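# Just a sequence and a predicted model for now, questions to come.
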Amino acid sequence: MMARQTFRPLDGVLLFDKPLELSSNDALQIVRRLFKAQKAGHTGTLDPLATGLLPVCFGETTKFSNALLDADKTYRALLQLGKTTTTGDAEGDVVAEHPVDIDRSDVDITLARFRGEIQQLPPMHSALKHHGKPLYEYIRNGETIARELRSVVIHKLTLNEFNDNQVDITVLCSKGTYIRTLAEDIGASLGCGAYLAGLRRTAIAHFDLGNGHSLQQLETMTEAERDALVLPTESLMPDMPVLELDTGQINRLAQGQRLGLDTGLPDGKIRLHGPQGFVGIGLLQGRRLSPDRLLSGVAIQAAKSGTAGNIIGVEQDPR
């Protein structure tokens, strides 16, 4: 009988290069089992036909992954001109074909129209929820749901190559941007139609695919070699200011109290450090420091310490 795999506590971030034909969840479970991690989550879905950067957060780090979900992302996309499909990508059936009679200057002019803030209609073949159910489940049943236009920002849109009725572009965009929809809209603007033939995510925020690791690479490593690739939780927030606190102050925050401090730091979220290093994120408003998200071990330690009550310079958090 095969021995049951034992999972272990593990914190940190792995920059995973997701291969073709794996869903984001399948990729997550493969990586989790490979690292024997008790808990893991990914930060931004990639379709099975898309490849590239999929940061996987382990353990306590999943608490702080929202920064990546809300971050700008960079993609390398291949558009096939002259055809449209039922899904807007290569997975769907071709529904229309049109002649392609354009040159590179036409493409350049068209791409310029899509830079900056634009409006997009979310595709039916997406995980966007309607009454708690993904849109793709409705389309499977032959239903089409009315969607509202949403604003997204295309920070950069670069033409890499144009030949054989294919357009290769790089897109730096805000969260919530559908590259499949962008491909279809560019094709419509060119007058010949288009679908997304290939997609690779190359960056999320400050994380770059150049530092990513493929499944093949991970499978050939020892456990120690794989563990050495796991980045610390703080790598999610490199630009966030740091505030050093003593053990008593940390315990009070862990019990939901606010601290009155002169920090000299600007208002907003800040990284909190104690004698042992990173303990979580706080929210600074003037002289008031509130707990925003703390490591679980911090709260446990505070409970053991028995620190309680109102203290001079400390206000009870009303939450």
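All right, it came through fine.
# what's the model's confidence in the lengthiest strand in the chain, averaged?
As assigned by DSSP state E, the longest strand anywhere in the chain is strand 150-163. For strand 150-163, mean pLDDT is 97.
# and what of stretch 298-311?
Mean pLDDT, stretch 298-311: 49.
# hang on, the earlier thing: neighbouring strands of the longest strand of the chain in the sheet, and parallel or not?
Applying DSSP bridges, strand 150-163 is found paired with strand 116-120 (antiparallel), strand 166-173 (antiparallel).
# Let me have those in a markdown table, adding mean neighbour count, distance to Arg258 and mean pLDDT as columns.
From N, CA and C alone the C-beta is placed, and that goes for glycine too. Conversion of the strands paired with strand 150-163 to a markdown table gives the following (neighbours: other CB atoms under 10 Å; distance: least, CB to CB, whole Å; pLDDT from 0 to 100):
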| stretch | mean neighbour count | distance to Arg258 | mean pLDDT |
| --- | --- | --- | --- |
| strand 116-120 | 14 | 37 | 97 |
| strand 166-173 | 20 | 37 | 98 |
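# so which of those gets nearest Pro275?
Of all the strands paired with strand 150-163, strand 166-173 sits nearest to Pro275, with 39.9 Å by CB to CB.
# Only alpha carbons, please: show that closest one as CSV.
Provided in CSV are the C-alpha atoms of strand 166-173 (Å, rounded to 0.1, in the frame of the first residue of the first chain):
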residue,chain,number,x,y,z
GLN,A,166,-0.8,37.3,-36.8
VAL,A,167,-0.1,40.2,-34.4
ASP,A,168,2.3,39.7,-31.5
ILE,A,169,1.9,42.3,-28.8
THR,A,170,3.0,43.0,-25.2
VAL,A,171,0.3,44.4,-22.9
LEU,A,172,0.8,46.1,-19.5
CYS,A,173,-2.6,46.4,-18.0
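# For Cys192, see how far away Asp108 is.
Computed as CB to CB, to the nearest Å, the Asp108 to Cys192 distance reads 16 Å.
# These two: who's more crowded?
Per other CB atoms under 10 Å, whichever of Asp108 and Cys192 has more neighbours is Cys192, with 19 against 11.
# roughly how far apart are the more buried one and Glu97?
Relative to Glu97, and taking CB to CB, Cys192 is found at 9 Å.
# which neighbours do those two share?
Gly82 (CB atoms under 8 Å, 6 or more residues apart in numbering).
# can you list the domains in this protein?
12-70+207-235, 73-204, 240-316 (automatic domain parsing).
# quick one: which of the ones you listed is nearest Arg4?
Nearest to Arg4, of the domains of the chain and by CB to CB, is domain 12-70+207-235 at 11.6 Å.
# Quick one: mean pLDDT for that closest one?
Mean predicted lDDT for domain 12-70+207-235 stands at 95.
# circling back to that earlier point, would you convert the domains of the chain into a markdown table that also reports distance to Thr6?
Compiled in a markdown table, these are given as follows (distance: least, CB to CB, whole Å):
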| stretch | distance to Thr6 |
| --- | --- |
| domain 12-70+207-235 | 7 |
| domain 73-204 | 31 |
| domain 240-316 | 21 |
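# who touches Ile118 in this structure?
151-154.
# May I see the ChimeraX selection of the buried members of the residues you listed?
Buried members of those, defined by 16 or more other CB atoms under 10 Å, are picked up in ChimeraX with:
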select :152,154
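# re the thing from before, do you know which of the domains of the chain lies nearest Gln5?
domain 12-70+207-235 (6.6 Å).
# Send me stretch 85-104 as PDB with only the CA atoms.
Output in PDB follows, covering the C-alpha atoms of stretch 85-104 (Å, rounded to 0.1, in the frame of the first residue of the first chain):
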ATOM      1  CA  THR A  85     -14.400  32.100 -32.500                       C
ATOM      2  CA  THR A  86     -17.100  31.200 -30.000                       C
ATOM      3  CA  THR A  87     -14.800  31.700 -27.100                       C
ATOM      4  CA  GLY A  88     -12.600  34.500 -28.300                       C
ATOM      5  CA  ASP A  89      -9.500  32.200 -28.200                       C
ATOM      6  CA  ALA A  90      -8.100  29.100 -30.000                       C
ATOM      7  CA  GLU A  91     -10.300  26.800 -27.900                       C
ATOM      8  CA  GLY A  92     -13.500  27.800 -29.600                       C
ATOM      9  CA  ASP A  93     -15.100  27.000 -32.900                       C
ATOM     10  CA  VAL A  94     -14.600  29.500 -35.800                       C
ATOM     11  CA  VAL A  95     -17.800  31.400 -36.400                       C
ATOM     12  CA  ALA A  96     -16.700  33.900 -39.000                       C
ATOM     13  CA  GLU A  97     -13.800  34.500 -41.500                       C
ATOM     14  CA  HIS A  98     -12.900  37.800 -43.100                       C
ATOM     15  CA  PRO A  99     -10.200  38.800 -45.600                       C
ATOM     16  CA  VAL A 100      -7.200  40.600 -44.000                       C
ATOM     17  CA  ASP A 101      -6.100  43.600 -46.000                       C
ATOM     18  CA  ILE A 102      -4.000  45.700 -43.700                       C
ATOM     19  CA  ASP A 103      -0.400  46.600 -43.200                       C
ATOM     20  CA  ARG A 104       1.800  47.300 -40.100                       C
END
